[in-house]
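K.L.:
Provide a 3D model corresponding to the input given below.
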Amino acid sequence: MGGGGSTRRVTFEADENENITVVKGVRLSDSVIDRMKEPSTPSGRQHRGAGAVNDEELKKRIAEELALERARRDSEAQKRRLKQEQMYVRDEFGKLLERERISSNEHLTRAILRERAATEEERQKAQRL
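P.N.:
Numbers count the residues shown, from 1 in each chain. The predicted structure follows:
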């Protein structure tokens, strides 16, 4: 969705309980955190002990979740922009149609006045003859 690559760097550090902490202040939604806590498929897991998760795998999962969150936010922002652009176009068309209506009414009024003047001129000619 975005044109260029991200320049944000995220660093991870393990705390004393072997939990992973994001050092650079990246916000994660509760759903992302819940999904990261879910065990991965057994075939893609490297075991270091009961329930231990490979740091690289966890970093990869976090990066994937961050990318999904970013894509979701980008998509929502794009939807908002599209809605705003649609409203702008609708307003501009409304203004254009109003100007066209006014212009059309002015042309019609002029044509009616010309026709009345021509009719009056014909009536006066007829009286003179």
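K.L.:
can you pull out the helices in this structure?
P.N.:
Assigned by DSSP state H, the chain shows helices spanning 30-37, 55-128.
K.L.:
mind putting those into JSON lines with mean pLDDT and mean neighbour count?
P.N.:
Just so you know, the C-beta spots here come from the backbone N, C-alpha and C atoms, and that holds for glycine as well. JSON lines is the format used below for these (pLDDT from 0 to 100; neighbours: other Cβ atoms under 10 Å):
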{"stretch": "helix 30-37", "mean pLDDT": "73", "mean neighbour count": "12"}
{"stretch": "helix 55-128", "mean pLDDT": "93", "mean neighbour count": "11"}
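K.L.:
contacting residues around residue 31?
P.N.:
Contact analysis of residue 31 by Cβ atoms under 8 Å, 6 or more residues apart in numbering lists nothing.
K.L.:
rerun that using 10 Å as the cut-off
P.N.:
When contacts are counted by Cβ atoms under 10 Å, 6 or more residues apart in numbering, residue 31 touches 65, 68-69.
K.L.:
look up how far residue 58 lies from it.
P.N.:
Computed with Cβ to Cβ, to the nearest Å, the distance linking residue 31 and residue 58 is 17 Å.
K.L.:
one more: residue 118?
P.N.:
Residue 118 sits 89 Å away from residue 58, going by Cβ to Cβ.
K.L.:
repeat that for residue 104.
P.N.:
68 Å.
K.L.:
what does residue 68 give?
P.N.:
Plainly put, residue 68 is 15 Å away from residue 58 if you go by Cβ to Cβ.
K.L.:
residue 122 too?
P.N.:
From residue 122 to residue 58 the distance is 95 Å (Cβ to Cβ).
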